[in-house]
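**Student:** sequence and predicted structure below; questions after.
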Amino acid sequence: MKISRMICIICFIVMIHPISIAAASNEENWDKLDQISDQALQMVKQERYQDAKQFLTHFSNEFLRMSQREQSFSMDDLRIITSTHNTALDAVNSSSLSFEERINRVTQFRLVIDAMRSEHQPMWTELEDSIMTTFGQMKETVEEGDTENFNQLLTIFLSKYNMIHPSITVDMTPVDVQKIDSHIAFLDEYRNEELKTATRIQQLDQMELDLKNLFERMKEDEADPSLIWVMISTGGAIILTLIYVGWRKYKGDKQKRQKQRDYEER
């Protein structure tokens with residue numbers, strides 16, 4: 001009985017323990033990085049740029065240690081994190097940038113770290129209302145033939161979209177990102193061109209659908225309940241199988257010992 005119990009326990013620990021330890025360690029590391037990036041942003045909002053710089057430097061050191069331990073980052077992840085971190089660091093060091101621009105660049109970095117950490121409902125999706133409101137206003141100016149206001153609103157829209165673009169690249173497929181990027185490239189390139197209103201409206205209509213789809217897909221990207229039950233069922237089946245094998249082993253050994261005693265008593 002002792003041997004069968006030990007086998008069951010060891011098998012269970014071997015299967016579960018490394019996974020749970022790795023997951024807990026990874027989550028703890030990301031929580032720490034997430035907090036540091038948030039602290040850096042809070043310092044910028046308070047115009048404490050030197051403190052923000054210290055937090056960003058601290059982030060770099062912690063991220064380097066995490067990368068060396070885990071080595072689980074793709075090249076794209078490393079590129080996006082490094083690029084937005086450098087942009088944020090440049091922002092807090094540059095006295096020529098406006099307060100708003102500094103906020104935007106450090107927010108961009110903050111959103112990327114949250115996107116890397118969050119499996120569902122990342123922070124960048126919270127900007128949906130602001131982005132879609134500006135987009136709607138921009139579309140109205142085209143319908144009214146107001147080119148001057150269209151260009152102003154397009155600049156505002158691009159600023160907001162650029163802030164979440166790296167985070168979208170983290171969470172969405174390259175095809176999804178490319179759809180929006182192609183729309184933006186068209187609008188930006190031809191913002192001062194004499195295009196037919198119908199052509200510009202057609203482009204904006206399709207862009208609006210793709211933007212809404214982008215945000216909707218993140219809202220729907222929840223853990224599938226059926227998948228959770230499959231995982232629970234599978235794990236439970238494994239445990240029950242191990243227990244059953246151990247019990248059968250125990251019963252077999254018990255019967256064998258009983259037969260041996262019966263034989264000896266004869």
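**Tutor:** That came through, no problem. Residues are numbered from 1 along each chain as shown.

**Student:** residues touching Val177, list them.
**Tutor:** 165, 168-169 (Cβ atoms under 8 Å, 6 or more residues apart in numbering). The C-beta positions use only the backbone N, C-alpha and C, and glycine is treated the same way.

**Student:** what helix or strand does it sit in?
**Tutor:** Per DSSP states H and E: Val177 is located in helix 174-189.

**Student:** list the residues that contact Tyr49.
**Tutor:** With the criterion set at Cβ under 8 Å, 6+ apart, Tyr49 makes contact with 43, 92-93, 102.

**Student:** cutoff 10 Å now
**Tutor:** Contact analysis of Tyr49 by Cβ atoms under 10 Å, 6 or more residues apart in numbering lists 43, 91-95, 102, 106.

**Student:** ok, Ile168 next?
**Tutor:** The contact partners of Ile168, by Cβ under 10 Å, 6+ apart, come to 111-112, 115, 122, 124-125, 161, 176-177, 180-181, 214-215, 218.

**Student:** returning to what we had before: buried ones among the contacts of Tyr49?
**Tutor:** When burial is judged by neighbour count using 16 or more other Cβ atoms under 10 Å, the buried members of these are 43, 91-92, 102, 106.

**Student:** can I get these in CSV with distance to Ser74, secondary structure and pLDDT?
**Tutor:** Listed next are the buried ones among the contacts of Tyr49 as CSV, based on distance: Cβ to Cβ, whole Å; DSSP: H, G, I helix; E, B strand; the rest coil; pLDDT from 0 to 100:
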residue, distance to Ser74, secondary structure, pLDDT
Met43, 30, helix, 98
Ala91, 25, helix, 97
Val92, 27, helix, 97
Arg102, 29, helix, 97
Val106, 24, helix, 98
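
**Student:** determine which two of those residues are furthest apart.
**Tutor:** Using Cβ to Cβ, the pair of the buried ones among the contacts of Tyr49 lying farthest apart is Met43 and Ala91, separated by 11.8 Å.

**Student:** give me the common contacts of the two.
**Tutor:** When contacts are counted by Cβ under 10 Å, 6+ apart, Met43 and Ala91 have 49, 52-53, 56, 106 as shared neighbours.

**Student:** so which of these belong to helices?
**Tutor:** Secondary structure from DSSP state H places 49, 52-53, 56, 106 of those in helices.
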